[in-house]
Structure formats: C-alpha cells, structure tokens
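**Student:** Next comes the sequence, and after it the predicted model I'd like to discuss.
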Amino acid sequence: MSSATQRIVLIWILVVCLAQFCFGNSNLRGGSEATERVSVEEVQRSLLEEINQALNISNVHQGRRVAEFEAELSNMFKALPKTEKGSLGHTTVHYALHRLFMERHGWFFKGLEPGGAAWSSIAPGAILKDRVPSYIQQLFEAQLGGQGFALRELAVLAATLEHLVNNEARERLLHIFQLLNLPLEGEISREKSDRALDTYMMAQITQADLADITALTPEGLAEFHAKAKGIFPDYEQAQGLVRETAVTDGNHMDFASAAVIAAEAGKHLGQWHKGKCQVQKNHLISLGDQQVGRVSLASFYADALSRADQTVSSQTEHIQYLRKLGALDESVYQKPTVLVPNYVSSPANCFASSSFYSICCPSECESVMRHLESEVAGPTMKPAHVQELIARLPAAIVSGPRELPAPLLDRLQEIALKHGGDIPIHGRLFAQFLHHAYPRECPYPHVAGATRPQTADEWMAETGQKSSHTREEREDFVKNAVELEVPEDGDLTNPVVLPWSDNEELLIVRSEFPHMPEQAAEESPEQGHPLTIIRCIVFALALSMMAWRVKEQLAGVAGLVRAAVGKSLKGHGGKSLE
C-alpha cells in the first residue's frame, strides 16, 4: 500500500471516529441497546458452544446441567452486587462459585477464595490456570474482564468446573486400570474392581503417584493403607462408602460403571464429611462454649489429651497454625479461645480428593444467607427488614434466637449509617453481625490480611515448623492456662466475649458519590441541543477539511498515474496524455 493510500485510509478512519464522537451519545444511534443485548446473547451462545466442542460435552447433557445450576444459583445471583452493566464481575463470580460448591458438595476449589486476603484481590480466571485448553481460559478471562457474567454464564462456568472434575476422575481411573492390566471392555470381578477403586481412593487421599501404588506388593499395600489412615483417620469409613456405592452393580463391573462411581465419589464423600463436621462441632460445643461459639484453648488441648487414641491429630494444632487459620480469638489477654465455626470449616479439617479441590466442612451460616437472599433479591437491606427476616427464620435453618437483643440492633443501625441507610448483606460488617447473632453457626470474618488459611503441609513447608504441638507442650499449656470467664449479664456484644471491628470490606467498592442513572447521565434537554450542535459543527468543519485533503491526495494520485502512463506511452512511441 502506497503512502498516499495509507493517508487516505487513515483519514477515513478519523472521519468514522469523529462521527462516533459527534453522534455517539445522541439519539441518532438508534437501537444501540438492542445491539448490546444481542451481543451478550451471542457471547453466551459462543461460550457454551466453545466449551461443548473443547470438552466434548453433549449439548443435551450440558444443557440439562446448566439448567440445574441456573435454578440453584438464581436467588443468589439476584441478590449479589452487580457491575454498572448489570452483570457479575470476576470477584463476585469467584465468591458465588465458592459458596455454591462448598454448600453443594463441601468442595473447597483451589483458586476460588482469597486465602485470607480481600475478595477483590483474586485475579480473573485463576481457577482455570493449567486446567483447561488455553483458549477456554481466554474465553472466561475475556468474559470476566469485559461484559461480566450473567446468570446463564455463571451456570455454564459452574457446570464446566464440575465436568472437569468428573473428567479428571475418569482419567485417573483409566490410568489405574491400565497399570493394573485390567480390561477397558467387558466385565471384571468385584475383587478387581474393589482393588481399582481402593487404589483410586488411596491416590486421592495421599496424592501419591499412581504407578507407585499399583506396583506395591500385598505387604507394601498394607503399609500404604496405614499411611492413608494416618493422613486421614476416617479413611476406612470413606473407603467403605465408595465400596457401598459399587454394590448396586453386583459382583461384576466394567470400566464405564467404575468411572461413574469414581466421578460420583467426591460428591458422596462431601455429604458424608458434612455429617462428620456436625459431630465435631457438637463435640467442641460440649466442651463448654457458653453459647458464644468459643472454647478455651486449654479445654481444646485437654480434650485431645484425654482421648484414648493418641494417634489422632485432631485438636493438636500448633497455636501459631491456629492463628494463621483464623481459628483463634486472642482479644482477651492470655486467654485465647478457639472459634468453633472457624476451626471446623478451616483447612485443618479438610482432606484432599482432587487436584481441583479438597473436601471441607461447609459453613452452617450459608443457610441463613440463602434464606435472606431468597427474600430480598437484592444486595442491600434496611435494618428493619433484616430484623423482620431474622424473626421469621425457619427452625430448620438455625437454632439460635429469633428476637435480636438491643445492642445487636444498634449494630445494624451503625452498619446502615456507613452506607447511606442500606446494609450490604455480602459485606464484612454484615457477616460480623451474623457471627454475633449466631456465633455457633457463622464464622467470625477476619479483616483481610489478618489470616492465611493453609493446609498443615503448606504451613509447615512455609514456616519450617511442625503444625502440631507435642503432647508435652500441650500438657504444659493446659497446666498454665487461665480459664476465660463470661460476664454474668450475658451481653454477647461485650468485647471480652465477642469482639467487634469497624473495618468494612465489600465485593464491589462503589464510588463515594453514587453514579447518576444512565438517562440522567446523558445531556438534559436544555444543554443537550447546544452540545450536539457544537459537536456537529466541529464534525462538519473536520469533514470539510478532510474532504479537501482527500481531494488533494486523489489529485496527486491522478497526476502520478498520468505521468506513469505518459512515460509508458513515450517508451512505445506513443503520445503523451498531456
């Protein structure tokens, strides 16, 4: 392309840009809102089609799964804070999916939560790094960084994550079958299928290499079984649960049936672990939480010391590890207490089940949030509305009080005052209010950066310390401990019992001054016409100048053409055009 032609192209690009400047905000656009809606629908359809093709998912199956997730996420989606475009930003998407999978299966997805930092610190698409083809990763990141996620797109992402988990289970079992020389076609005996599923379970719990497990002798397998039990004390019960799932297939099973069992194992184990979590919570409360969801650290350690089975590592965690988990309340000098809901739901009580997630204890506060979201269908509430809904909480959701004490009602007013009369129900202060109202069910929300939840292995690798105290260390601590005394007045807002912090953290940080509505942000009739006229005058002048420049350029090009043709004719004895 010649330099003259390039200049002409650039001039026309500027003409188009100036036209957009002149008419971009006026009613001459006509139909731009419809165009934007069509664009969003196209993106949704394209996203689903790309995922179906890349992951080889049938449209019928994926469509059914997406519809299920849409129904489950609907109330939460309506209540979550939206961007200016009415969609969910990447922070809110991570928050929604974290809550969904924790409640649904007890799955703590890696990369879906901030690890003690603010929710806003999560990078877009981090959950999918190194897990899916790069172009699917780019699709999600582009969507998270662009228009945001609508309900259907959120459901598509949820269904995709669950499908990836199922694919991983199938691939791992396939590898086990190959290492054990089991046929992929036809039936195998119950004994062989149990060996394959047991190997799968041991690999999931210990995160060991599959080849190492399948190569073990019977004696070595027994040793590895003991190792799995040491890592996860309830391993044998979990193993039995998976075997019971396989009973329905009779004495024989093929690879396809075993793959379904492996894929469903994570879901069954999540529900089974949820029951274990409830037992653990009730046991800790029985140590004497005095209705505030806190047990003295001395009682916590003393209980473990009194148990006959000293091989169990539960309730032996190092005090510094508990602190990093966010499971320790040290607001009273030299009287540390264990926050029961924080401890139960912490990584200390999770076990590995996939490279994508660990199985952990879901928060019992989720049922309270779900109820509020279904009633309000928006991100904020008035204090009186909160009080009304709390009073009508079904008994099946939470066993705590329905009538809030006056000091807690004052807290609601304080939160609303910070936000112009409304309470953001997904903010830290409201979560803190729920902890005060239901300290046994709702975890205390630490300020961002104060904690860093990690598994014991991760914490040991980072600090170089053991994650558990020795028996002697715990005995010394119990001996020197001073018991926490609760005030006789039972005031649950007393800072000695339940501390309160005024730090707020939101999923979406709005400007201090609210944005004007879209119609109001456009020019008013009084000022719109003069501004439009000025813009169009500028556009007309610029267009005239550019037309003159185009004419000049075209004249120059024509001259060059005539000269070239004339020269060519002269070379052949012809006459010039001039």
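**Tutor:** That came through, no problem. Numbers count the residues shown, from 1 in each chain.
**Student:** Where does pLDDT dip in the stretch 101-250 of the chain?
**Tutor:** 115-146, 248-250 (pLDDT under 70).
**Student:** Please, where are all the strands along it?
**Tutor:** 107-109, 188-189 (DSSP state E, counting those that start in this stretch).
**Student:** contacting residues around Asp422?
**Tutor:** Contacts for Asp422 were tallied using Cβ atoms under 8 Å, 6 or more residues apart in numbering; they are 380-382, 416. Every residue, glycine included, has its C-beta placed from N, CA and C.
**Student:** Which members of the residues you listed are classed as buried?
**Tutor:** By neighbour count, with 16 or more other Cβ atoms under 10 Å, those hold 380-381, 416 as buried.
**Student:** returning to that earlier point: which members of the contacts of Asp422 are positioned in strands?
**Tutor:** Among the contacts of Asp422, the ones falling in strands (DSSP state E) are 380-381.
**Student:** Tabulate the contacts of Asp422 (a markdown table), appending pLDDT and distance to Ala196.
**Tutor:** Output for those, formatted as a markdown table (pLDDT from 0 to 100; distance: Cβ to Cβ, whole Å):
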| residue | pLDDT | distance to Ala196 |
| --- | --- | --- |
| Thr380 | 96 | 52 |
| Met381 | 95 | 52 |
| Lys382 | 96 | 57 |
| Ala416 | 97 | 58 |
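**Student:** Nearest to Glu330 among the contacts of Asp422?
**Tutor:** Ala416 (29.8 Å; Cβ to Cβ).
**Student:** what separates the closest one from Leu151, distance-wise?
**Tutor:** 28 Å (Cβ to Cβ, to the nearest Å).
**Student:** Could you export the strands of the stretch 101-250 of the chain as JSON lines, including distance to Glu219 and mean neighbour count?
**Tutor:** Shown next, in JSON lines, are the strands of the stretch 101-250 of the chain (distance: least, Cβ to Cβ, whole Å; neighbours: other Cβ atoms under 10 Å):
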{"stretch": "strand 107-109", "distance to Glu219": "35", "mean neighbour count": "23"}
{"stretch": "strand 188-189", "distance to Glu219": "22", "mean neighbour count": "16"}
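**Student:** Specify the stretch among the ones you listed that is closest to Gln465.
**Tutor:** Going by Cβ to Cβ, the one of the strands of the stretch 101-250 of the chain nearest Gln465 is strand 107-109, 23.3 Å.
**Student:** Tell me which residues are up against that closest one.
**Tutor:** Residues contacting strand 107-109 (Cβ under 8 Å, 6+ apart): 97-98, 101-102, 127, 161, 165, 266, 270, 347, 350, 356-360.
**Student:** That strand pairs with which strands, parallel or anti?
**Tutor:** strand 357-359 (antiparallel) (DSSP bridges).
**Student:** What average pLDDT does the partner strand get?
**Tutor:** Averaging pLDDT along strand 357-359 yields 91.
**Student:** Equivalent analysis for stretch 396-406, please.
**Tutor:** For stretch 396-406, the per-residue pLDDT averages 78.
**Student:** got the buried ones among the contacts of Asp422 as JSON lines, with distance to Leu210 columns?
**Tutor:** Output for these, formatted as JSON lines (distance: Cβ to Cβ, whole Å):
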{"residue": "Thr380", "distance to Leu210": "50"}
{"residue": "Met381", "distance to Leu210": "51"}
{"residue": "Ala416", "distance to Leu210": "55"}
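**Student:** Closest one to Leu305 out of those, please.
**Tutor:** The closest of the buried ones among the contacts of Asp422, once distances to Leu305 are taken by Cβ to Cβ, is Met381, at 45.8 Å.
**Student:** ok, how many other residues are close to the closest residue to the closest one other than its chain neighbours?
**Tutor:** The shortest distance from Met381 to any residue other than its chain neighbours is 5.2 Å, reached at Ile423 (Cβ to Cβ, 6 or more residues apart in numbering). Counted with other Cβ atoms under 10 Å, the neighbours of Ile423 add up to 23.
**Student:** Thank you kindly, that will do.
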